[in-house]
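Undergrad: Predicted structure and sequence below. I'll ask about it afterward.
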Amino acid sequence: MTATHEVLVTGSTGNTGRPLVARLRAQGVPTRAASRHPSPDDHEATRFDWYDPTTFDNAVAGVRAAYLVPPPLDPDPVAAMAPFLEAAQRSGVSRVVLLGASVVETGGPAVGQVQALLPRHVQEWVVLRPSWFMQNFVGDHHHADSARTLGTITTAAGDGRVAFIDADDIAAVAARLLTAPTVTNEELVLTGPEALSHTSVAEILTDVLGRPVRHVSVPASEFERQLAATMPAPGAKLLAALDRQIAAGVEDRTTPGVERVTGRPPKSMRTVLEAAFDAGRR
């Protein structure tokens, strides 16, 4: 695998896809940006939809490595992604970097079922299993919106801690793995540099925004009810269940994954939030 092979990036307008496309193109790597709504100004972009198999063949044509972002909040992504992996195999895609989740191992639910399929379809594969994104507290995420408008972050995570990770650090790892001469078929759990409670995140937001932000912890059933008012019920149920896991301590860990692949440590929550809100003010 060399950097001259074209790379496909699905979810190219998302949190990890957008910086990944920028990184690859800055390195001179021909990169096909794939999304449901590709930019008309990007001649290397293509329309791609997990639920529309007619978009698969065009997306993988000429591609040798692919970054796959599963359809968000789909409890059964394998139904959409298995046919794509078959199309990719027919087209000659030989390497896949799959975006998974820190708490989901191969063979587990949802994306864990997709992870189990990779060895059947590609010679080289890596599953990135990041913790929760720092970007959940900026942009249009419900936590970010609540922090800005209400001065609160509501979760069912209690005092559970998460080693939140910057999406750009995930993109940096993916860029290295997509273009390296070879990769080791493996799962990589990726985290930020420190595990923080949502109360600690609220304290950082208070400093960065210059106004009070507090963490409000509610029962998982109440959190699910609140989320269901803004998203499909299965997604609300999934997010509430994940908060239960945070409360139980499953995300309270850090790993050396980012530095191992990129050669530099992951960015801190304060650094990322200060940069994001400073850019927004400008």
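TA: Looks like it arrived, so ask away.

Undergrad: rest of the way, CA atoms for contacts and neighbours
TA: Noted.

Undergrad: Test my guess that residue 175 contacts residue 23.
TA: Yes. Using C-alpha atoms under 8 Å, residue 175 is in contact with residue 23, at 6.9 Å.

Undergrad: which of those two has more neighbours?
TA: Using other C-alpha atoms under 10 Å, the more surrounded residue of residue 175 and residue 23 is residue 175, with 25 against 19.

Undergrad: That one and residue 78, how far apart?
TA: Note on residue 175: its distance to residue 78, by C-alpha to C-alpha, to the nearest Å, is 24 Å.

Undergrad: In the protein, where is pLDDT below threshold?
TA: Within the chain, the ranges that satisfy pLDDT under 70 run 1-5, 280-282.

Undergrad: And the strands in it?
TA: Assigned strands in the chain, in chain order: 6-10, 31-35, 45-47, 63-68, 95-99, 124-130, 152-155, 161-162, 186-190, 196-197, 214-217 (criterion: DSSP state E).

Undergrad: And the helices in the stretch 101-250 of the chain, which stretches?
TA: Under the criterion DSSP state H, counting those that start in this stretch, the stretch 101-250 of the chain contains helices at 111-121, 142-149, 167-179, 198-209, 220-228, 233-247.

Undergrad: so which of those helices gets nearest residue 157?
TA: Checking the helices of the stretch 101-250 of the chain against residue 157 by C-alpha to C-alpha gives helix 233-247 as the closest, at 4.4 Å.

Undergrad: now the angle from the closest one to helix 220-228?
TA: Between helix 233-247 and helix 220-228, the angle formed by their directions is 140 degrees, by axes from the mean of the first three to the mean of the last three C-alpha atoms, to 10 degrees.

Undergrad: thinking in terms of the whole chain, how far from its middle is helix 233-247?
TA: Averaging C-alpha coordinates over helix 233-247 and over its chain gives two centres that are 16 Å apart (C-alpha atoms, centre = their mean, to the nearest Å).

Undergrad: Would you mark the buried spots in it?
TA: Within helix 233-247, the residues that count as buried by 16 or more other C-alpha atoms under 10 Å are 235-237, 239-247.

Undergrad: Equivalent analysis for stretch 21-33, please.
TA: Here stretch 21-33 shows 21-24, 29-33 as buried, counting by 16+ other C-alpha under 10 Å.

Undergrad: what does stretch 142-154 give?
TA: In terms of neighbour count (16+ other C-alpha under 10 Å), stretch 142-154 has its buried residues at 142-148, 151-154.

Undergrad: could you dump those to a markdown table with distance to residue 226?
TA: A markdown table is the format used below for those (distance: C-alpha to C-alpha, whole Å):
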| residue | distance to residue 226 |
| --- | --- |
| 142 | 11 |
| 143 | 12 |
| 144 | 15 |
| 145 | 14 |
| 146 | 12 |
| 147 | 15 |
| 148 | 18 |
| 151 | 17 |
| 152 | 14 |
| 153 | 12 |
| 154 | 10 |
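
Undergrad: quick check, nearest of those to residue 214?
TA: Distance from residue 214 was checked for each of the buried residues of stretch 142-154 by C-alpha to C-alpha. The minimum falls on residue 152, at 4.9 Å.

Undergrad: Would you check how far apart residue 263 and residue 199 are?
TA: The value you get for residue 263 to residue 199, if C-alpha to C-alpha is used, is 31 Å.

Undergrad: Neighbour count: the two, which is higher?
TA: More crowded of residue 263 and residue 199, by other C-alpha under 10 Å: residue 199, with 19 against 10.

Undergrad: and that one, what is it in contact with?
TA: Applying C-alpha atoms under 8 Å, 6 or more residues apart in numbering, one finds that residue 199 lies in contact with 159, 214-215.

Undergrad: most neighbours, which of those residues?
TA: Across the contacts of residue 199, neighbour numbers were computed from other C-alpha under 10 Å; residue 215 holds the maximum, 21 neighbours.

Undergrad: so that one makes contact with residue 152?
TA: Yes. Taking C-alpha under 8 Å as the definition, residue 215 is a contact partner of residue 152 at 5.6 Å.

Undergrad: Now for the two: what residues contact both?
TA: Common neighbours of residue 215 and residue 152, using C-alpha under 8 Å, 6+ apart, are residue 202.
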